[in-house]
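Colleague: Quick one: sequence and predicted model below, then my questions.
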There are 2 protein chains.
Amino acid sequence: MGKKKIQIGLLGLGTVGTGVYKVIGRRGEEMEPQVGARLEIKRILVHNMKKERHGIDQRLLTDQWEDIVKDKDIDIIIEVMGGMEPAKSMILEALAAGKHVVSANKDLIAEHGEELLEAAQKSGTDFLFEAAVAGGIPIIRPLKQCLAGNEIDEVIGIVNGTTNFILTKMFEEGMDFQEALDMATELGYAEADPTADVEGLDAGRKVAIMASAAFRSRVVFSDVYTEGITKITAKDVAYAKEFDSLIKLLGVARNTAQGIEVGVYPMIIDRNHPLAAVRDSFNAVFVHGDAVGDTMFYGRGAGEMPTASAVVGDVIDIARNMQYHCSGRIGCGCYRTLKLKDFGEVKNRFFLRMQVRNEPGVLAAIANVFGGHKVSIERVIQRKAKAAKAELVIGTAAVKEYHMQDALKELGSMDIVSEVSSVIREY
Amino acid sequence: MGKKKIQIGLLGLGTVGTGVYKVIGRRGEEMEPQVGARLEIKRILVHNMKKERHGIDQRLLTDQWEDIVKDKDIDIIIEVMGGMEPAKSMILEALAAGKHVVSANKDLIAEHGEELLEAAQKSGTDFLFEAAVAGGIPIIRPLKQCLAGNEIDEVIGIVNGTTNFILTKMFEEGMDFQEALDMATELGYAEADPTADVEGLDAGRKVAIMASAAFRSRVVFSDVYTEGITKITAKDVAYAKEFDSLIKLLGVARNTAQGIEVGVYPMIIDRNHPLAAVRDSFNAVFVHGDAVGDTMFYGRGAGEMPTASAVVGDVIDIARNMQYHCSGRIGCGCYRTLKLKDFGEVKNRFFLRMQVRNEPGVLAAIANVFGGHKVSIERVIQRKAKAAKAELVIGTAAVKEYHMQDALKELGSMDIVSEVSSVIREY
């Protein structure tokens, strides 16, 4: 056994940092029998020393990084500042100094995960980031350890709480996108600038991290095709409901014989699928492995305490490794290099809603365009229209993205099609 | 780094054993970069050497335990025989001989877990059993590691696939219990003697193991109150549906200020609860922690390959510990002794269905009995009856079990009550 006391440097005291401070404070003593040592936050790096912080021991605060990185008593650094710099440089310095690091920084890890994990390996330290994906939900450790005996071929996640809240309101209360977004903003679920959430960028970063852990091959954020939910209308949601389905923003990662597919986009999903029951701001990740079959992990994907739960779980793992002298036990895991599939080659089923001229021969002409691009039609709904226009809803069989894009381009140039109102993939 | 090759002795070659053999066979090479060593099954202990076994290397078979326990090249024992003896003695011998053990044996662990974990600790070896609870679903590792920063106060699980299949058929297709059980037997979901499943014993063992891991205090099978689903009728299910709810067999473990509650019983649960979406033979475990909030783990709770997935995940963890010389890193975890709450003191809401005389004053008399036993009524449905009898359905507020039992005893002795047809707890 090793140390009696393990001291921690906390970088950042925002929402998550405050949660971590609280959890370690109230669980510090209980953790002693769990890890054989007392866990204690020794210093906290903040921007503004003068800001009033209720319930925080002011003596721990510092605005000098050197106070932490040069402190030999500090063994573990928790980085919850977010953003690229100075987070990245600090983590690299900390690892080089032999300190273990826990990070909740998905932006950084989705882009520079490999470099950070290599630095940890080089110095024989731990770099863990369970909190970077899906907040409190255990997903990185299950992928890397519990399911290690599987060839995982699919990871599908609802990994953004803001958009899931919006889509839930649209589905359950018939709201339109803007109305639901306004409500999310009012309740504090959406940030003042909601772009990263509603455009699927936040989910895209999490998908990159999960795909790397699941497929054991590095995937970065720029590999991920992203499409948000801003174009989803109340009408689309109503059609989905009619098909006994609903619309969810899904992060989709698949390991196929032709390469890895990674994307984030809204999808129409059957109401009986376990992901369909994930409501409000909850998150869930659905994983398929060759041995385990279907499995799902559900919980709070964000927030002060759930994210702190994941951070502290990692800290305890690091402390155990220190006590047993096996730091670096679970390293990068990306031991192979699988190729990435071009997104144009990815196959999906599509739901298309379009406004067309209400006259004989129109459906035939449109069906003809699809046929010419190898798109096979599975379902058609045409609503009786009183005016000169009709709404046509088409469900297609699985088709390659580039065939669909070509078909849509041709449709867009036809006189009889006044608008393609919605293009949504179907699970 | 340690060994280049890690050799395994497999005890038992039934459904799960065959799955383990397959997974290690097909993933053996892939595991090498994951754990730094090749994993290989060296010997397999079977009862009957003469039985034809398709796809198994016959040279690995033995019916002599000594061939395995005395083989110094074998580092890991996988016990998938089930039952108390000889499994228990073999595991203890193996641990004493310095071998690590993975077991899927819930009966054994729910009763003798403490002794086995102590033996492992004494010899500095690993004893892991992820597969003993909820098959392929990662739950032990999440409870012991990922959620280690939480005070977990509730674990509610659908941990028996047979009964969940039966209840799903009753709910979705209006079948009665016997009809659904017959179907489960026909499809191979239920055993010839379904007692352990339908009476909640199988689930009870899993709840004991989960409660120990979650609350860090030893709970054994005999501590668990168990009640099965044999008395659930199509009528009960129809009433639940009317309340926008359904009936599930739940394993319930709570850590309260007055002690630990553990039981298995059918419960009426709201259709919007995540556990309500768990259909057919799937399992799920719902966990509440003070930091993480609500979280759920879903997947296949049994079967050859899902259970093998959990076993092999444990084997890989053990192999990693061997490589890093930190065996025993995650030990028992029950570092405290919390008291057990007497089941009579447990509070639940109840759904009661009874046949009563159809005359004035009956409802008042019954309400009076409940009032006298501190049972407060929240909901009453009395169906218009043409005959001399009426069906009365009552929903109560949360009440201590012993108060409810006293009230039921008194009701049973009343002339106006011809039958208490159903007593089902509500979540």
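Modeller: Right, received. Where do you want to start? Just so it is clear, the structure is predicted and the values come from calculations on it, not from any experiment.

Colleague: for the least confident helix or strand in chain A by mean pLDDT, packing partners?
Modeller: Here the helix or strand of chain A ranked lowest by mean pLDDT, DSSP states H and E is helix A:15-35, holding a mean of 89. On a contact count with 3 or more CB pairs under 8 Å, 6 or more residues apart in numbering or on different chains; DSSP states H and E, helix A:15-35 meets strand A:5-11, strand A:38-45, helix A:304-323. All C-beta spots, glycine's among them, are computed from the backbone N, C-alpha and C.

Colleague: for the ones you listed, which one ends up most surrounded?
Modeller: Each of these was scored by mean neighbour count; the highest is helix A:304-323, a mean of 26, by mean count of other CB atoms under 10 Å in any protein chain shown.

Colleague: what pLDDT, on average, does that one get?
Modeller: Mean pLDDT, computed over helix A:304-323, is 96.

Colleague: does A:G136 really touch B:D290, like I thought?
Modeller: No: taking contacts as CB atoms under 8 Å, A:G136 lies outside contact range of B:D290: 11.2 Å.

Colleague: residues shared between the contacts of those two?
Modeller: By CB atoms under 8 Å, 6 or more residues apart in numbering or on different chains, A:G136 and B:D290 have these common neighbours: A:M305.

Colleague: At the contact with chain B, which residues of the stretch 151-300 of chain A appear?
Modeller: Along the stretch 151-300 of chain A, the residues adjacent to chain B under the rule CB under 8 Å from any CB of the partner chain are A:151, A:216, A:272, A:274, A:276-279, A:282, A:284, A:289-300.

Colleague: Can you turn the buried subset of these into a selection I can paste into PyMOL?
Modeller: In PyMOL, a selection of the buried entries from these looks like this (16 or more other CB atoms under 10 Å in any protein chain shown):
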select buried, chain A and resi 151+216+274+276+277+278+279+282+284+289+291+292+293+294+295+296+297+298+299+300
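
Colleague: Filter the residues of the stretch 151-300 of chain A next to chain B down to just the ones in strands.
Modeller: Mapping those onto strands (DSSP state E) picks out A:F282, A:A284, A:G289, A:G293, A:D294, A:T295, A:M296, A:F297, A:Y298, A:G299, A:R300.

Colleague: Model confidence score at the fifth one, please.
Modeller: A:D294 carries a pLDDT score of 97 in this model.

Colleague: How about it: what's its closest non-neighbour residue?
Modeller: Leaving out its chain neighbours, the residue that sits closest to A:D294 by CB to CB, 6 or more residues apart in numbering or on different chains is A:H288, at 5.6 Å.

Colleague: Please apply the same query to the third one.
Modeller: Among residues not flanking A:G289 along the chain, A:N150 sits closest, at 3.0 Å (CB to CB, 6+ apart).

Colleague: you'd agree the one you found is up against A:G293?
Modeller: No: in this structure A:N150 lies outside contact range of A:G293 using CB under 8 Å: 9.3 Å.

Colleague: Could you check how many residues crowd around whatever residue of the stretch 1-150 of chain A ends up closest to chain B?
Modeller: Of all residues in the stretch 1-150 of chain A, the one sitting closest to chain B is A:G149 (3.0 Å; CB to the nearest CB). By other CB atoms under 10 Å in any protein chain shown, 30 other residues sit near A:G149.

Colleague: Tell me which residues touch A:A37, please.
Modeller: A:G2, A:K3, A:K4, A:K5, A:I6, A:A319, A:M322, A:Q323.

Colleague: For chain A, which segments count as helices?
Modeller: A:15-35, A:65-69, A:87-96, A:106-123, A:140-141, A:161-173, A:177-186, A:195-198, A:201-215, A:234-242, A:304-323, A:362-372, A:401-412 (DSSP state H).

Colleague: who does the fifth one touch, helix- and strand-wise?
Modeller: Counting contacts by 3+ CB pairs under 8 Å, 6+ apart, the secondary-structure elements packed against helix A:140-141 are helix A:201-215.

Colleague: which parts of the helix it packs on are buried?
Modeller: A:201-215.

Colleague: same thing with stretch A:236-247?
Modeller: Those would be A:D236, A:V237, A:Y239, A:A240, A:F243, A:S245, A:L246, A:I247, for stretch A:236-247 by 16+ other CB under 10 Å.

Colleague: Export stretch A:374-392 to CSV, keeping only CA atoms.
Modeller: Output of stretch A:374-392 as CSV, limited to C-alpha atoms (Å, rounded to 0.1, in the frame of the first residue of the first chain):
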residue,chain,number,x,y,z
LYS,A,374,-30.8,3.9,-57.1
VAL,A,375,-33.1,5.1,-54.4
SER,A,376,-35.9,2.6,-53.8
ILE,A,377,-39.1,3.9,-52.3
GLU,A,378,-40.7,2.0,-49.4
ARG,A,379,-43.6,4.2,-48.4
VAL,A,380,-45.5,7.1,-49.9
ILE,A,381,-48.1,9.4,-48.3
GLN,A,382,-49.8,12.0,-50.4
ARG,A,383,-52.3,14.2,-48.5
LYS,A,384,-55.4,15.2,-50.4
ALA,A,385,-54.8,18.8,-51.3
LYS,A,386,-57.4,21.4,-52.1
ALA,A,387,-55.0,23.9,-53.7
ALA,A,388,-52.6,23.5,-56.6
LYS,A,389,-50.0,22.0,-54.3
ALA,A,390,-49.8,18.7,-52.4
GLU,A,391,-47.5,17.5,-49.6
LEU,A,392,-45.7,14.3,-50.5
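
Colleague: From the chain's centroid, how far away is that stretch?
Modeller: 35 Å (CA atoms, centre = their mean, to the nearest Å).
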